[in-house]
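J.: Prediction below, plus the sequence it came from.
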Amino acid sequence: MSEKTNNSNEDSVISVRVMDIIAALLFLAVGLTVMIGSLKLGASWGSDGPEAGYFPFYISLIIMLSSSVTLYQAAIVDKEKKAESFVSRESFKQVMAVLLPAIVFVLGVQLIGIYVSSVFYIAIFMVWLGKYPIWKAIVVSVGVSAALYLMFEFWFQVPLPHGSWFNPLEFFGVN
Amino acid sequence: MEEINALFSGFAIAMTPFNLLLMLIGVTLGVIIGVLPGLGGANGIAILLPLTFTMPPTSAIIMLSCIYWGALFGGAITSVLFNIPGEPWSVATTFDGYPMARNGKAGEALTAAFTSSFVGAFFAIVMITFLAPLVAKFALQFGPPEFFSVYLLTFCSFVGMNKGSPFKTISAMMLGFALATVGMDTVTGQLRLTFGNPELMRGFDFLIAVIGLFGIGEILLSMEEGLAFQGAAAKIRGKVVLETWKQLPKYWATSLRSCLIGCWMGITPGGATPASFMAYGVAKRVSKDGDKFGTGKMEGIVAPETAAHAAGTAALLPMLSLGIPGSPTAAVLLGGLLIWGLQPGPLLFVEKPDFVWGLIASMYLGNLAGLFVVLTCVPLFASILRIPFSIIAPVIIVICAVGAYTVHNATFDVWLMLGFGVLGYIFKKLDYPMAPMVLALVLGDRAEDSFRQSMLFSQGSLDIFFSNYLVATITSIALLLLFWPLIGKLIGKKKADTA
């Protein structure tokens, strides 16, 4: 399932070539940022040996060189890749159907804690995308959260986030 | 012969009913720890260390080392079933293990992984038993330049071995190095590349990157083709274990080679992660079906698993004989030894022979117990794949979030994990290899430290990497591998010209 969707007949959101160019430009940006950061730290040979930025400076140099070649290959050499689709409109929708709720879930983890967010997330995912009846979704999602709670809070004594904004578990006497 | 006698008295100590029970408990706890992302062997042992304070030291170390074996076995389970490597040395196992599970061969893949782990560990234990003093002496010759050249060799082998663009490999690898430099600089104590963000002071942990890149990235890729989850219909039977065992002797050469790579990398400071990648790379080069690696070849599981476990086990050798832990888990075990008032080092063999040989004997028995526990559970593990994707996908994301959070108890890391997930999705579709990036993130600090120390010795001259036969050989092989794509092209061209 991890093969590339190279079907150019499909309604494409973006081509592989454009995506390659964007990725190479982002790498260049990262390289530049690291370079500036390491120059600020000092990237030369100090009185007591290599300074803190010495190693990252050369790393950034290699990133910039290698991504320049990738950029050149994508922009100039691989012109025929223009038609190759990076992701079709339909696939993109599917990916977003997982990614957007996942972002909301992580926001939930931060605000109301992981246990309650997990119950909502798993249940909504099951009902919305898996078309499960609500009672099944609730049984599974509450079961998973309860298992996590018992395993981490009690057994391994590793507290998971209870919510920075509001802790719904307070209703059950858990702080 | 002396060793054999000592070993038998060790078995007598390890085989008491109480110790055998502790072994089973340890292995089972270890498997659970290995399966849960974010709770690796080192963390697991650290958390459970207090449980053992009331036990006699030999029983305590037996239980802790069995947790370690169990965690090593457990790591393979998530790698194969969900493409989430719990430990960096399980990354190479995902390359062929996960495709095999996807092709409905989860049981075979798990059996191959567990058995290979056992073989690797067993080989290393036999080596520890007989070669301990000799090999430890050799490891003492390693200085910073040798350390760095071993790392260089590992990284260069990626460039030489990868079929895709070498520039993309280098870019991905260097991104890993760049991310590894973020945070507190261990030498000067300065904050590096944090740009004033306090969250970045911790740096980027490889576990968060791995959970995002492999776990979340894979779910996004799977979603592209709808909610179907291939491999769900896999038929799992108890017989699978026996059938897989019949196939495994075919790979004896790969196994033996990986055992040797693993032992060498375990004793020298390379460690289990480079060992697994190196064994995978070598197997791919040597194998007749090298091209098919990555599509679900059993040989691609045998090589990294054998090497990783040989290395992981061999790492205990310098800890016991020199007091230098070869891996993070060995470091935690060392901490345990100190708590019980035992000073690891050459004298330990003389002063506490009961303890040392009891531990070595427990390594044999603990691995056997581990293999027994995990193999009997193969059908259970593999049946996890039968759960529909619309249930397993959100549950995996929740577990990934738990894993990312527990690394540093920070919700910022959960966001990072999501970011790495998107990066993993894009990387995979654009053919940027993720393994070199993860490895650079894992080994970045250590590679940089050894590079800096070497540079200090030589006052900035790179000649130090050719200063003696050992380091010169390793560095030369590394450079040969680095330029292999170019050399291969030139040779191909010459052949075409003469033809």
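T.: Sure, I can see it.

J.: Is there a neighbour count for the residue lying closest to residue B:408 once chain neighbours are set aside? I'd like the number.
T.: Closest residue to residue B:408 apart from its sequence neighbours, by Cβ to Cβ, 6 or more residues apart in numbering or on different chains: residue B:202 at 5.5 Å. Placement of C-beta: from N, CA and C, glycine included. For residue B:202, the count of nearby residues is 17 (other Cβ atoms under 10 Å in any protein chain shown).

J.: Residue B:191 is in contact with residue B:202, correct?
T.: No: applying Cβ atoms under 8 Å as the test, residue B:202 and residue B:191 come out as separate, 10.9 Å apart.

J.: Can you check which residues contact both of the two?
T.: Counting by Cβ atoms under 8 Å, 6 or more residues apart in numbering or on different chains, the common neighbours of residue B:202 and residue B:191 are residue B:183.

J.: Chain A versus residue B:114, what's the distance?
T.: Going from residue B:114 to chain A by Cβ to the nearest Cβ, to the nearest Å gives 23 Å.

J.: could you pull out the strands for the chain?
T.: This is for chain A. Using DSSP state E, the strands assigned to chain A run over residues A:12-15, A:45-46, A:49-50, A:85-88.

J.: please go with chain B instead
T.: Counting by DSSP E, the strands of chain B are B:183-184, B:191-192.

J.: I'd like to know which of the ones you listed is closest to chain A.
T.: Chain A lies closest, by Cβ to the nearest Cβ, to one member of the strands of chain B: strand B:191-192, at 5.7 Å.

J.: Can you tell me which of the strands of chain A is most buried?
T.: strand A:85-88 (a mean of 22; mean count of other Cβ atoms under 10 Å in any protein chain shown).

J.: Summarise which helices and strands that strand is packed against.
T.: strand A:12-15, helix A:16-41 (3 or more Cβ pairs under 8 Å, 6 or more residues apart in numbering or on different chains; DSSP states H and E).

J.: contacting residues around the first one?
T.: Residues external to strand A:12-15 that are found in contact with it (Cβ under 8 Å, 6+ apart): A:81-89, A:92.

J.: What strands flank it, and is each parallel or antiparallel?
T.: strand A:85-88 (antiparallel) (DSSP bridges).

J.: what's the offset of the partner strand from the middle of its chain?
T.: 19 Å (Cα atoms, centre = their mean, to the nearest Å).

J.: pull the CA atoms of that strand into CSV?
T.: Only the C-alpha atoms of strand A:85-88 are listed here, as CSV (Å, rounded to 0.1, in the frame of the first residue of the first chain):
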residue,chain,number,x,y,z
SER,A,85,1.0,12.6,-9.5
PHE,A,86,2.3,12.9,-5.9
VAL,A,87,-1.2,12.4,-4.5
SER,A,88,-4.6,12.2,-6.1
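
J.: Residue of chain A closest to chain B, please.
T.: residue A:130 (2.7 Å).

J.: what about that residue, how many residues close to it?
T.: Neighbours of residue A:130 (other Cβ under 10 Å): 17.

J.: wait, isn't it in contact with residue B:394?
T.: No: between residue A:130 and residue B:394 there is no contact under Cβ under 8 Å: 9.1 Å.

J.: what's the residue closest to the geometric middle of chain A?
T.: Residue closest to the average C-alpha location in chain A (Cα atoms, centre = their mean): residue A:99, at 8.7 Å.

J.: Correct me if wrong: that residue contacts residue B:419.
T.: No: between residue A:99 and residue B:419 there is no contact under Cβ under 8 Å: 11.1 Å.

J.: and residue B:3, what is it in contact with?
T.: Contacts of residue B:3 by Cβ under 8 Å, 6+ apart are B:129-130.

J.: mean pLDDT lowest for which of the helices and strands packed on strand A:85-88?
T.: Comparing mean pLDDT across these, the lowest value falls on strand A:12-15: a mean of 86.

J.: Tell me the spacing between the residue lying closest to residue A:122 once chain neighbours are set aside and residue B:186.
T.: Excluding the flanking residues, the one nearest residue A:122 by Cβ to Cβ, 6+ apart is residue A:141, at 3.7 Å. Taking Cβ to Cβ, to the nearest Å as the measure, residue A:141 falls 43 Å from residue B:186.

J.: Could you check which of these two has the larger neighbour count?
T.: Here residue A:141 and residue B:186 are set side by side on neighbour count (other Cβ under 10 Å), and the busier one is residue A:141, at 24 against 11.

J.: quick one: contacts for the closest residue to chain A within the stretch 351-499 of chain B?
T.: Closest to chain A within the stretch 351-499 of chain B is residue B:390: 2.7 Å, counting by Cβ to the nearest Cβ. Contacts of residue B:390 were listed using Cβ under 8 Å, 6+ apart, and they are A:125-126, A:129-132, B:227.

J.: Now, the residues you listed that are in helices?
T.: Counting by DSSP state H, the part of the contacts of residue B:390 found in helices is A:125-126.

J.: Quick check on the contacts of residue B:390: which are buried?
T.: Neighbour counting with 16 or more other Cβ atoms under 10 Å in any protein chain shown marks A:125-126, A:129-130, A:132, B:227 as buried within the contacts of residue B:390.

J.: one step back: who's in contact with the residue of chain A closest to chain B?
T.: B:227, B:388-391 are the contacts of residue A:130 under Cβ under 8 Å, 6+ apart.

J.: Equivalent analysis for residue A:95, please.
T.: Counted by Cβ under 8 Å, 6+ apart, residue A:95 has contacts A:87, B:220, B:223-224, B:425.

J.: likewise residue A:140?
T.: A:122-123, A:126, B:391.

J.: I'd like the residues you listed as CSV, with pLDDT appended.
T.: Shown next, in CSV, are those (pLDDT from 0 to 100):
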residue, pLDDT
A:122, 94
A:123, 95
A:126, 91
B:391, 86
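
J.: Name the member of these with the shortest distance to residue B:367.
T.: The closest of those to residue B:367 turns out to be residue B:391 (Cβ to Cβ; 34.4 Å).

J.: Identify the residues contacting that closest one.
T.: A:122, A:126, A:130, A:132, A:140.

J.: so residue B:315 sits right up against residue B:264, yeah?
T.: No: Residue B:315 sits out of contact with residue B:264 when judged by Cβ under 8 Å, with a separation of 11.6 Å.
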